[in-house]
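In: coordinates only, no sequence provided:
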């Protein structure tokens, strides 16, 4: 996730006085507005809990009213502080940090805590309506969906909730995986756009884990619906003979065999991003990027209109980073930096081992750069779990046991109707993304206000490169 504080606002307090609000953005979208005193309170809590040696430096208090220059300096300092906390594997995953952001999000959007009904989409086009509180966090909502579907508790960790935006002709754009620092109901309703909705998708890369999920009826139906949608949208390459075999299996209702056959096809389990721009093999090339099988796949259109395909293995990426910059909208007003008249330009840059002695930076300019970075990080996480001899299943079960949500016996006894038995193949595909596991502390994403700032102090390394890359050359 890309945290930034690109702007401040002067707002009125309850007693008529004014104060400076710092607007915290996640992936270029406003998440919450907070005062300096609120962040100071968070800092003091974190310092008390984790000690001075762990907590990043916090901008000091000022006795007198800040000048505009001092406000700008504090904004930059607070932005670096939030980014440092978020990137720290201990602090960024702490309930203290996440609950602060959830509360601030709810207060900013002025949505009271009350019971509501939330629609969560499945890949076959059906919607699961769950009764939740507006203040329920992502894990709460995921639990509610799992209960409604009758998905066993030990399989809940294999799935995640994603925010997607519907496009023209049934296409959809993956915005992000919903995080523990946000409230799903608030996140989707605050966008005030019916094109956005929440989708349930599996959250791992390695198709070997499909076997665990397919042992359960509901899990099998979810994976089957995702696979059908993948194929219908053209995300998995299928020739005529393979298509005929798949159709025959589908007509017979042989869901496991259908999935097994699909697993052998090219691009099974890849997530396909919207068309964007890259500087490889030369600047200004249009490209379609897909992520899967521990790689980023490029379909590049060269300036001479020639099409080329190539892949970048995550094990040969020494490091990567995401950068952002504010770009004024062409038809904006005289105030180009206002939140309503400014676009965020995002870039993903990674340093790739082209040959044994040659590293090269490759840059992708895309609104989905954050999502691409999350894909890379989750691939690294799974690789490192395997390398350490661990199991992603054990990691997920441990996370579930450490969670605060446990279904009651009465909830587990409730049987839901078979929502997934007749998937609609014309709906959007459900893709693979991995939850961030706690086994790898190094994050492959950093933040900067300059899209051209690829400084050695800001980017982060890739443990998978150090541990696995040599064998991949």
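Out: Received the coordinates, thanks. These numbers come from a predicted model, not from an experiment.

In: residue 159: neighbour count?
Out: Neighbours of residue 159 under the rule other CB atoms under 10 Å: 24. Just so you know, the C-beta spots here come from the backbone N, C-alpha and C atoms, and that holds for glycine as well.

In: for it, list the residues it contacts.
Out: By CB atoms under 8 Å, 6 or more residues apart in numbering, the contact set of residue 159 is 142, 146, 151, 200-203, 222.

In: quick one, what contacts residue 250?
Out: 228, 258.

In: and it, how far from residue 224?
Out: According to CB to CB, to the nearest Å, residue 250 stands 9 Å off from residue 224.

In: between the two, which contacts overlap?
Out: Common neighbours of residue 250 and residue 224 (CB under 8 Å, 6+ apart) are residue 258.

In: out of the contacts of residue 159, which sit inside helices?
Out: 142, 146, 222 (DSSP state H).

In: looking at this protein, which residue lies furthest from center?
Out: When distances are taken from the C-alpha mean of the chain, residue 64 lies farthest, 40.6 Å away, according to CA atoms, centre = their mean.

In: and that one, what pLDDT?
Out: Note for residue 64: predicted pLDDT of 85.

In: what's the answer for residue 232, then?
Out: The predicted local confidence for residue 232 is 89.

In: tell me which residues of stretch 42-55 come out buried.
Out: 42-43, 46, 55 (16 or more other CB atoms under 10 Å).

In: where does residue 361 fall, phi/psi-wise?
Out: phi -80, psi 140 (degrees, to the nearest 10).

In: tell me the mean pLDDT over stretch 161-171?
Out: Regarding stretch 161-171, the rounded mean pLDDT is 84.

In: burial check on residue 73, number of neighbours?
Out: 13.

In: where's it relative to residue 164, distance?
Out: With CB to CB as the criterion, residue 73 and residue 164 are 38 Å apart.

In: and what of residue 298?
Out: Distance from residue 298 to residue 164, by CB to CB: 23 Å.

In: how close does residue 141 sit to residue 235?
Out: Computed with CB to CB, the distance linking residue 141 and residue 235 is 26 Å.

In: out of the two, which sits in the busier spot?
Out: More neighbours surround residue 141 than the other of residue 141 and residue 235, with 23 against 20 (other CB under 10 Å).

In: ok, now which ones touch the more buried one?
Out: 118, 120, 130, 132, 161, 178, 184-185, 198.

In: please enumerate the strands of the stretch 1-150 of the chain.
Out: Applying DSSP state E, counting those that start in this stretch to the stretch 1-150 of the chain gives strands spanning 3-12, 18-26, 29-35, 115-121, 127-133.

In: for residue 361, find the nearest of those strands.
Out: The minimum distance between residue 361 and these falls on strand 3-12, with 22.1 Å, by CB to CB.

In: strand 29-35 and that closest one, what's the angle between them?
Out: Strand 3-12 runs at 50 degrees relative to strand 29-35, counting by axes from the mean of the first three to the mean of the last three CA atoms, to 10 degrees.

In: buried residues in strand 3-12?
Out: For strand 3-12, by 16+ other CB under 10 Å, it's 3-8.

In: now do the helices in the stretch 201-350 of the chain.
Out: 210-214, 217-232, 240-252, 255-263 (DSSP state H, counting those that start in this stretch).

In: list the neighbouring strands of the host helix or strand of residue 176 plus their orientation.
Out: Using DSSP states H and E, residue 176 maps to strand 172-177. Using DSSP bridges, strand 172-177 pairs in its sheet with strand 159-166 (antiparallel).

In: residues of the partner strand that come out buried?
Out: Buried residues in strand 159-166 (16+ other CB under 10 Å): 159-164.

In: and which of those is nearest to residue 190?
Out: The nearest one, if we look at these relative to residue 190 and count by CB to CB, is residue 163, at 11.3 Å.

In: ok now stretch 4-11, how far from the chain's centre?
Out: Distance, stretch centre to chain centre, for stretch 4-11: 24 Å (CA atoms, centre = their mean, to the nearest Å).

In: hmm, I typed the wrong one, I wanted stretch 137-154.
Out: 19 Å.

In: can you check stretch 103-110 too?
Out: When distances are taken as CA atoms, centre = their mean, stretch 103-110 is centred 21 Å away from the chain's centroid.

In: same check, this time on stretch 21-39
Out: 19 Å.

In: and residue 34, how many neighbours?
Out: Residue 34: 23 neighbours (other CB under 10 Å).
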